[in-house]
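Student: need a 3D model of the sequence below.
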Amino acid sequence: MSVSEATLKALKELGLTEYEVQAYVALVDGGQMSATDISSKSGVPFSRVYDVLGRLEDKGFIQIQRGRPTMYTGKAPTEVVHLVRLAMEEKIEKSSKIVVEELQPRFERETQATTRDVWLLHGRPNIIAKSLEMISGAREEILLNLPSLDMSVITDDEDTGDLTDIIESVLRHRVAKISILTSSVPDNLKDMIPEGIEIRCRPAYGAGLVVDRRETLIMLAGSDSESGFLGVYSSASVFADMASAYFDSLWSQSESV
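Tutor: All right, here's what the predicted structure looks like:
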């Protein structure tokens, strides 16, 4: 009884120890078993098996039927993965809230006290993360320029795949004004656009974001590597004024959806 190195590594990344992996795989292969049988089939020492099975129950990987003897059953991998994902998302959400509530005000005070008005962001993950942060902090207005809102096309494009995260975040966010400039909007998306979001179309290249006319992010794709993606972020009002004016100019030349 064994699993591939990839599966072993994946189970450990989901939070299992070596013995827990062995016990869970034994239950997946063998169905309902007693602790003695699990120890025999998995190689987990009998002196450790009850402790291992207790932790697996706590983590949601198995079910226990009390009796004489007590019987153990492994849960379906699809159910286990779903439970782990929910637990991770809850943990991340809770931790993120704590970090943001205490450290974001400090960061903003420090930022306001310095003259660092322009940053270069290297790599697609950093650019996407900054975009999502800007959108979540928007209070009045979002101006977004994207080459396309067709998520099926974007998802297949290595250069813009993560732009779907930006689109979804903008469509979920609620501020007084959201304007999106793009080259095309697929018919199946038109009915999903919330009321209050205005979209216009014209030939569009590149991607840019302006929030509350005070923060600006220009997204550029360079080489094929992750590090080839470059973002120019600015918190300077003059930069936002220029970007907003350019957006307004393109907006006036565009057609409403």
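Student: residue ranges for the strands of this protein, please.
Tutor: 33-34, 62-65, 71-74, 118-122, 141-145, 177-182, 197-201, 207-211, 215-221, 229-234, 255-256 (DSSP state E).
Student: care to break this protein down by domain?
Tutor: 5-75, 80-114, 117-256 (automatic domain parsing).
Student: first-to-last residue distance for the longest one?
Tutor: This points to domain 117-256. Distance between the two ends of domain 117-256: 34 Å, counting by Cα to Cα, to the nearest Å.
Student: any low-confidence regions in the protein?
Tutor: 1, 108, 110-116, 150-162, 204-205, 221-228 (pLDDT under 70).
Student: before we move on, the earlier item: most neighbours per residue, which of the strands of the chain?
Tutor: Neighbour counts (mean count of other Cβ atoms under 10 Å) averaged over each of the strands of the chain peak at strand 207-211, with a mean of 24. For the C-beta atoms, the positions are set from N, CA and C on the backbone; glycine is no exception.
Student: quick one: strands adjacent to that strand?
Tutor: strand 141-145 (antiparallel), strand 215-221 (antiparallel) (DSSP bridges).
Student: and these as JSON lines, adding distance to residue 67?
Tutor: As requested, those are exported to JSON lines (distance: least, Cβ to Cβ, whole Å):
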{"stretch": "strand 141-145", "distance to residue 67": "59"}
{"stretch": "strand 215-221", "distance to residue 67": "60"}
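Student: so which of these comes closest to residue 12?
Tutor: Of all the strands paired with strand 207-211, strand 215-221 sits nearest to residue 12, with 35.4 Å by Cβ to Cβ.
Student: out of the strands of the chain, nearest to residue 189?
Tutor: strand 197-201 (9.4 Å).
Student: report the central residue of this protein.
Tutor: residue 165 (7.5 Å; Cα atoms, centre = their mean).
Student: look up the closest residue to that one, ignoring the ones flanking it.
Tutor: Residue nearest to residue 165 in three dimensions, not counting chain neighbours: residue 128, with 5.8 Å by Cβ to Cβ, 6 or more residues apart in numbering.
Student: then residue 237?
Tutor: residue 214 (6.0 Å).
Student: so the one you found versus residue 186, what's the distance?
Tutor: Look at residue 214 and residue 186: by Cβ to Cβ, to the nearest Å, they are 32 Å apart.
Student: the two - which one has more neighbours?
Tutor: residue 214 (19 against 13; other Cβ atoms under 10 Å).
Student: the more buried one contacts residue 234, doesn't it?
Tutor: No - taking contacts as Cβ atoms under 8 Å, residue 214 lies outside contact range of residue 234: 9.4 Å.
Student: can you pull out the helices in the stretch 151-257 of the chain?
Tutor: 151-156, 163-172, 187-190, 237-252 (DSSP state H, counting those that start in this stretch).
Student: before we move on, what about the stretch 1-150 of the chain?
Tutor: 5-13, 18-30, 35-42, 46-58, 77-112, 124-136.
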